[in-house]
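Engineer: I would like the atomic coordinates for the input below:
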Amino acid sequence: MNPITNPYAPGAGAPPPALAGRDDLRERVHVAIERARRGRHAKSVILVGLRGVGKTVLLDRMRLDCEARGNQTIRVEAPEGRSLPAILAPRLRSVLLGLSRVAAARDLADRALRALVGFARSLKVTFNDIEVGLDREPEPGLADNGDLEADLGVLLEQAGLAARQAGVAIALFIDELQYLEESQLAALISALHHCSQRQLPIVMVGAGLPQLRGRAGNAKSYAERLFDYPDVGPLTREEDLRQALIEPALEEGVEYTDGAFRAVLSHTGGYPYFLQEWGASAWKVATASPITEQDVEAATEQAIAELDQSFFMVRFDRLTPAEKSYLRAMAELGAGPHRSGEIAAKAGRTSASLAPIRNNLIQKGMIWSPSHGDTAFTVPLFDAFLKRVMPEFEPG
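Structural biologist: Predicted coordinates:
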């Protein structure tokens with residue numbers, strides 16, 4: 001079939017042809033932002049889920065939804081090794097410059113920009129990666145104490161006052177939120193809490209791995225009441241699965257047999273990223289419509305090879321030999337979750353001796369703890385990949 005019209009989009013953050021099964025979450029976020037815009041109580045939202053469920057794509061679609069209603073947005077990713085002030089300040093400056101062009105909000109937006117100058121200058125010593133264009137003089141005493149938690153609260157308050165005067169909300173869309181260092185996460189939570197108490201139109205929509213619930217609670221005990229934590233999981237309803245896999249092909253005049261559809265589901269578990277990968281590979285293998293079960297099985301080797309090279313290997317390459325060995329012991333036990341003691345026994349070690357390795361893997365976002373003493377992969381199908389890339393299991 002024509003490779004130019006292949007409708008599937010397997011890629012990190014690449015928008016799929018159909019965003020299936022996420023309408024309820026989009027509506028929840030829309031309601032929260034619009035309530036905040038009107039000065040009503042609204043919880044911020046943190047989307048949690050494993051790799052490959054489409055959190056980034058969903059976050060970007062929600063941002064477009066928000067902007068389409070006239071609101072201001074800040075879209076950042078919290079990568080390892082960069083500070084919250086560094087990723088937030090330049091985007092906030094752009095939003096405030098936009099608000100300064102609204103006549104009713106000009107004075108408040110200008111004051112917020114002066115607060116941003118004081119914020120950046122006072123924290124430059126602590127966070128030397130802050131780089132933001134500063135064309136105003138700071139206002140002494142405004143967000144310039146050099147304490148991130150206190151100053152961020154004042155800064156977002158000033159931005160919220162300007163947004164309220166302009167009749168809009170400011171929504172912070174932050175991906176990979178689990179990589180924020182705990183004190184910076186605590187400062188962000190505190191600042192959002194302060195804005196919520198003042199009924200200012202500032203809302204955060206975050207996304208990250210499942211351990212975010214626990215990390216937010218550890219950072220600030222009231223985070224449980226400040227945020228909603230909807231799970232973003234694999235697609236389970238048949239209508240959503242058909243929308244994701246079959247409808248894009250139908251728009252190009254290509255059908256699937258029911259056997260082909262079921263075969264894709266058995267290989268992918270309904271994870272959106274994997275659906276795109278198998279769909280793209282099946283399209284390449286098939287010679288005519290309909291795509292058959294035989295086409296899907298023939299495409300499976302290609303789909304797995306693509307996943308190994310891109311989705312899995314980029315994560316595997318970040319690991320130390322000791323971390324790879326730990327994960328390989330997990331894989332020997334199956335998909336999981338597994339008790340820490342079982343992993344240690346399989347590895348031929350004690351749980352205490354493996355604890356630092358386990359903690360490092362959690363920090364790198366490779367594993368998480370669904371419940372006390374349990375350990376699970378954050379990357380679906382990673383156990384099978386580890387057996388392919390490390391076929392010989394050697395304990396110890």
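Engineer: ranges for the helices of the stretch 51-200 of the chain?
Structural biologist: 55-68, 84-99, 106-123, 148-166, 182-197 (DSSP state H, counting those that start in this stretch).
Engineer: tell me which of the ones you listed lies nearest to Phe274.
Structural biologist: helix 55-68 (13.7 Å; CB to CB). Using the backbone N, CA and C atoms, a C-beta is placed for each residue, glycine as well.
Engineer: so how far is the closest one from its chain's centroid?
Structural biologist: For helix 55-68, the gap between its own C-alpha mean and the chain's C-alpha mean amounts to 12 Å (CA atoms, centre = their mean, to the nearest Å).
Engineer: can you list contacts of that helix?
Structural biologist: Contact partners of helix 55-68, identified using CB atoms under 8 Å, 6 or more residues apart in numbering, comprise 12-16, 19, 22, 25-26, 29-30, 33, 47, 49, 73, 75, 169, 171, 173, 175, 205, 207-208, 232, 272.
Engineer: can I get it as CSV, trimmed to CA atoms?
Structural biologist: The C-alpha trace of helix 55-68 is given here as CSV (Å, rounded to 0.1, in the frame of the first residue of the first chain):
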residue,chain,number,x,y,z
LYS,A,55,0.2,11.5,28.2
THR,A,56,2.3,14.0,26.2
VAL,A,57,-0.1,13.9,23.3
LEU,A,58,-3.0,14.4,25.6
LEU,A,59,-1.3,17.3,27.4
ASP,A,60,-0.6,19.1,24.1
ARG,A,61,-4.2,18.6,22.9
MET,A,62,-5.5,20.0,26.2
ARG,A,63,-3.2,23.0,25.8
LEU,A,64,-4.7,23.6,22.3
ASP,A,65,-8.2,23.3,23.8
CYS,A,66,-7.3,25.9,26.4
GLU,A,67,-5.8,28.4,23.9
ALA,A,68,-8.8,28.0,21.6
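Engineer: buried ones in that helix, by neighbour count?
Structural biologist: 55-63, 65-66 (16 or more other CB atoms under 10 Å).
Engineer: give the contact list for the residue lying closest to Gly259 once chain neighbours are set aside.
Structural biologist: Leaving aside its sequence neighbours, Gly259 sits nearest to Glu293 (CB to CB, 6 or more residues apart in numbering; 3.7 Å). Applying CB under 8 Å, 6+ apart to Glu293 gives the contacts 257, 259-260, 262-263.
Engineer: are any of these buried, and which?
Structural biologist: Here, 16+ other CB under 10 Å leaves 257, 259-260, 263 buried among those.
Engineer: now, which of these sits nearest Arg242?
Structural biologist: Ala260 (12.0 Å).
Engineer: let me see the backbone angles for that closest one.
Structural biologist: Per-residue torsions, Ala260: phi -70, psi -40 (degrees, to the nearest 10).
Engineer: returning to what we had before: now the contacts of helix 55-68: which count as buried?
Structural biologist: By 16+ other CB under 10 Å, these give 16, 19, 22, 25, 29, 33, 47, 49, 73, 75, 169, 171, 173, 175, 205, 207-208, 232, 272 as buried.
Engineer: in this structure, which spans are strands?
Structural biologist: 44-48, 72-77, 170-175, 202-208, 227-228, 338-339, 367-368, 374-377 (DSSP state E).
Engineer: now those as CSV including mean pLDDT?
Structural biologist: CSV is the format used below for the strands of the chain (pLDDT from 0 to 100):
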stretch, mean pLDDT
strand 44-48, 96
strand 72-77, 96
strand 170-175, 98
strand 202-208, 97
strand 227-228, 94
strand 338-339, 94
strand 367-368, 94
strand 374-377, 94
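Engineer: tabulate those (JSON lines), appending distance to Asp317.
Structural biologist: JSON lines is the format used below for the strands of the chain (distance: least, CB to CB, whole Å):
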{"stretch": "strand 44-48", "distance to Asp317": "25"}
{"stretch": "strand 72-77", "distance to Asp317": "20"}
{"stretch": "strand 170-175", "distance to Asp317": "21"}
{"stretch": "strand 202-208", "distance to Asp317": "21"}
{"stretch": "strand 227-228", "distance to Asp317": "33"}
{"stretch": "strand 338-339", "distance to Asp317": "24"}
{"stretch": "strand 367-368", "distance to Asp317": "17"}
{"stretch": "strand 374-377", "distance to Asp317": "16"}
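Engineer: closest one to Ser353 among those strands?
Structural biologist: strand 374-377 (15.1 Å).
Engineer: who does that closest one touch, helix- and strand-wise?
Structural biologist: helix 321-333, strand 338-339, helix 340-347, strand 367-368 (3 or more CB pairs under 8 Å, 6 or more residues apart in numbering; DSSP states H and E).
Engineer: tilt between the third one and helix 321-333?
Structural biologist: Computed by axes from the mean of the first three to the mean of the last three CA atoms, to 10 degrees, the angle separating helix 340-347 from helix 321-333 equals 100 degrees.
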